[in-house]
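Chemist: output the structure for:
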Amino acid sequence: MKLELARVERLNLGLSAGAVAASLALETPHFATSLAAGALLEAINLGAIHRGAKRFFSGEIAGARGWIGVFSLRFLVLATAIFLTMHAGANPAALLIGLSIVMPATLIDAWLNRPPVVDPATLPTFLDGAPLAGESEEDAAYWESYSVWRPGRLLTTQRDDLIAEEATRVAAEEKAHWARLEAARTEANARHSRANLPEEMPEDGSDEAR
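Modeler: Model (predicted):
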């Protein structure tokens, strides 16, 4: 059976080889050997995780219990190997560096596998849907603003045009709202002024109106 390495595994091995070479040139051979030991343990673990994940998502591993069991067993084996390597006299810092090289390798692989950039203006946009049966226009407008569960109408109109239309609509609603408030305030002031006017005095000058 031919063993094929995934790109993330090849990246991990390349970064590990570079780190070992740099540590051998800048540090002691013991430090480089400890780093190589950590990189080897993590390379084996990464390969097992990658192939196990492919088998799990392809349906070869039935159920999550098998995956969890294998993962737990692999974790125990890795912990035991790290303990034995430390017990054999490996440099802790170098061993940790070797074990951690998989992180930048994974990030680089994820960046290379990133989805293509899509122009937001070409994306479909959800618009407000019509009121449901027995629902008023005000209730529909409220729930369209505050509920993420309401269905919308999927249109392929340009996103920027929709944003501009929505901004215009909101501005018009705010202007009408403030106009209604100003009219209500003016009417209230007028009523207050009429209520505070002094009562007319009788023509004969009597005190009946007082």
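Chemist: which helix runs longest in the protein?
Modeler: helix 159-195 (DSSP state H).
Chemist: which elements pack onto that one?
Modeler: Secondary-structure packing of helix 159-195 (3 or more C-beta pairs under 8 Å, 6 or more residues apart in numbering; DSSP states H and E): strand 125-127. Where C-beta positions appear, they are placed from N, C-alpha and C, glycine not excepted.
Chemist: pLDDT (mean, whole number) over the strand it packs on?
Modeler: The average pLDDT within strand 125-127 is 51.
Chemist: per-residue pLDDT of E137, please?
Modeler: pLDDT, E137: 68.
Chemist: can you show me the helices along this structure?
Modeler: With helices called from DSSP H, the chain shows them at 7-26, 29-57, 64-87, 92-100, 102-112, 137-146, 159-195.
Chemist: check what pLDDT the nearest residue to P92 once chain neighbours are set aside gets.
Modeler: If the residues on either side of it in the chain are set aside, P92 comes closest to M86, at 6.7 Å by C-beta to C-beta, 6 or more residues apart in numbering. pLDDT, M86: 91.
Chemist: how close does M86 get to G38?
Modeler: Going from M86 to G38 by C-beta to C-beta, to the nearest Å gives 10 Å.
Chemist: overlap in contacts of those two?
Modeler: Common contact partners of M86 and G38 (C-beta atoms under 8 Å, 6 or more residues apart in numbering): L95.
Chemist: the two: who's more crowded?
Modeler: Neighbours were counted for M86 and for G38 using other C-beta atoms under 10 Å; G38 has more, 29 against 14.
Chemist: so L5 makes contact with R51?
Modeler: No - taking contacts as C-beta atoms under 8 Å, L5 lies outside contact range of R51: 10.2 Å.
Chemist: circling back: could you tell me the least trusted of the helices of the chain?
Modeler: Minimum mean pLDDT among these: helix 137-146, a mean of 60.
Chemist: how is this structure divided into domains?
Modeler: Listed domain ranges for the chain are 7-112, 120-195 (source: automatic domain parsing).
Chemist: distance of the closest residue in space to G52 that isn't next to it in sequence from A32?
Modeler: With sequence-adjacent residues excluded and distances taken as C-beta to C-beta, 6+ apart, G52 is closest to V70, at 6.0 Å. Distance, V70 to A32, using C-beta to C-beta: 32 Å.
Chemist: looking at the two, which one has more neighbours?
Modeler: A32 (21 against 16).
Chemist: ok, now how distant is the more buried one from E174?
Modeler: Counting by C-beta to C-beta, the gap from A32 to E174 is 68 Å.
Chemist: contacting residues around the spatially closest residue to L46 that is not a sequence neighbour?
Modeler: Closest residue in space to L46, ignoring its immediate chain neighbours: V102 at 5.3 Å, by C-beta to C-beta, 6+ apart. If you count contacts by C-beta under 8 Å, 6+ apart, V102 has them with N12, E42, A43, N45, L46.
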